[in-house]
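**Q** coords please:
(4 chains)
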Protein chains: 2
Amino acid sequence: MMRLTRAGEYGVRAALHLANQPEGKITFVSEISEKQDVPRHFAAKVMQLLVRSGVVRSHRGVKGGFTLARPASKITLKDVIEGVEGQIFLNLCLIKKGECPRDDTCPVHLIWREAQDKLMEILDGVTVAELAETGRALEKKMSKKKR
Amino acid sequence: MMRLTRAGEYGVRAALHLANQPEGKITFVSEISEKQDVPRHFAAKVMQLLVRSGVVRSHRGVKGGFTLARPASKITLKDVIEGVEGQIFLNLCLIKKGECPRDDTCPVHLIWREAQDKLMEILDGVTVAELAETGRALEKKMSKKKR
DNA sequence: TTTATTTAGGATATAAAAGGTCTTAATTAT
DNA sequence: ATAATTAAGACCTTTTATATCCTAAATAAA
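**A** Numbering: from 1, shown residues only, chains lettered A, B, ... in the order given. Presented below is the predicted three-dimensional model:
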């Protein structure tokens, strides 16, 4: 249905949560789960995916947990989403040349390529650090409104 | 998984096939199915969806079949895809204000809005008529190459 | 008016993906 | 040693995707 999965969404929340923690702090899954409204066990699974794809680093044992694998300013939204979901392809025909036998003569293929490139440009054009900062600004604005 | 469904893809093929037929010709499902590599019964179902969404017109009975509901130059790629799949939303939070409780303070929401708008702009910016013409040009080019 | 052909609509079936839970093992600070 | 924590993967349930099939309705033509 051409939509981000919950796992993808949860991964983004987790990355943002980590970006908002003090430098060097190791964060428990339980904290991510509670603060970001992500089911406990599902969060653990998503974190595993992010570890494997090199976005976050894990620390086992007592006082173990997760940190970002590199500065938040070096992690893009695309890194996180593809870290969880695998590479994004808006249409089968984009996976690789020859995946669709109609490749050579299909005029729609070109449009999908354009859309795909544009989407990647947008997702890869914003870092977790930037998102975290925008998030903090929005929080501030909202708390003012409430008063 | 953020990908166009087969139904969506088949709908596009069907619309393109109709656009390539002579003015006024009524086309059977069987022809669409064979020429566009779409399973027969699945094609019939997709055509129904396109009829309901007003992209295609049906004609029952002997010599019945399908035609485009309006000139191909008035039908965009978006019309066809959403005609089959329903409205596209890249993330749940875009469906409507309040769908995601984190709406107000989620910084990612803004990025999804941007991506969604861009995608819609691209899909709505090309008509079935244009695609059909590009398709014919590609066919010509490829048949030359073969020789 | 009958018949053959075609779409309409919906029921059904199967497989895959999404979404979530649980258990056991490995690791490690205390 | 012990308790706390992630790692890995098995497992489960629901939803979506991808079809197929059957009956009804429409209609052109015989």
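
**Q** Find the closest residue to DNA strand D in chain A.
**A** Chain A approaches DNA strand D most closely through residue A:58 (2.7 Å), counting by CB to the nearest atom of the strand. No exception for glycine: its C-beta is placed from N, CA and C like everyone else's.

**Q** give me the element residue A:67 is part of.
**A** strand A:65-68 (DSSP states H and E).

**Q** one step back: need the contact list for the residue of chain A closest to DNA strand D.
**A** The contact partners of residue A:58, by CB atoms under 8 Å, 6 or more residues apart in numbering or on different chains, come to A:47, A:51, A:64-66.

**Q** what does chain A put close to DNA strand C?
**A** Contact residues, chain A versus DNA strand C (CB under 7 Å from any atom of the strand): A:5-7, A:39-42, A:44-45, A:59-64.

**Q** which of these lies closest to chain B?
**A** Among the residues of chain A next to DNA strand C, residue A:5 lies closest to chain B (CB to the nearest CB), at 6.9 Å.

**Q** interface residues of chain A facing DNA strand D?
**A** Counting by CB under 7 Å from any atom of the strand, chain A comes close to DNA strand D at A:1, A:28-30, A:41, A:44-45, A:47-48, A:51-52, A:58-66.

**Q** that older thread, ok, and the most crowded of the residues of chain A next to DNA strand C?
**A** Neighbour counts for the residues of chain A next to DNA strand C (other CB atoms under 10 Å in any protein chain shown) peak at residue A:7, which has 17 neighbours.

**Q** thought that one was touching residue A:49?
**A** Yes. With contact defined as CB atoms under 8 Å, residue A:7 counts as touching residue A:49 (7.4 Å).

**Q** which residues do these two both contact?
**A** With CB under 8 Å, 6+ apart, residue A:7 and residue A:49 have common neighbours residue A:84.

**Q** Where is the longest helix in chain A?
**A** Criterion DSSP state H: the longest helix present in chain A is helix A:128-146.

**Q** distance between that one and the chain's centre?
**A** Once both centres are worked out by CA atoms, centre = their mean, to the nearest Å, helix A:128-146 turns out to sit 19 Å from its chain's centre.

**Q** And that helix, what's buried?
**A** Of all the residues in helix A:128-146, those buried under the rule 16 or more other CB atoms under 10 Å in any protein chain shown are A:128-135, A:138.

**Q** got a list of contacts for it?
**A** Outside of helix A:128-146, the residues within contact range by CB under 8 Å, 6+ apart are A:15-16, A:19-20, A:68, A:71-73, A:75-77, A:80, B:104-108, B:110-111.

**Q** Now, of those residues, which are buried?
**A** The buried subset of those - by 16+ other CB under 10 Å - is A:15-16, A:19-20, A:68, A:72, A:75-77, A:80, B:105-108, B:111.

**Q** So which of those belong to helices?
**A** Per DSSP H, the buried ones among the contacts of helix A:128-146 map to helices at A:15-16, A:19, A:77, A:80, B:108, B:111.

**Q** which pair in the residues you listed spans the largest distance?
**A** Between any two of those, the greatest separation by CB to CB is 14.8 Å, found for A:19 and B:111.

**Q** which other residues reach stretch A:12-20?
**A** Contact partners of stretch A:12-20, identified using CB under 8 Å, 6+ apart, comprise A:27, A:31-32, A:35-38, A:43, A:46-47, A:50, A:55-56, A:66-68, A:72, A:75, A:77, A:80-81, A:128-129, A:131-132, A:135-136, B:107-108.

**Q** State the pLDDT value of the closest residue to DNA strand C within chain A.
**A** Minimum separation of chain A from DNA strand C (CB to the nearest atom of the strand) falls at residue A:61, amounting to 2.1 Å. Here the pLDDT value assigned to residue A:61 is 96.
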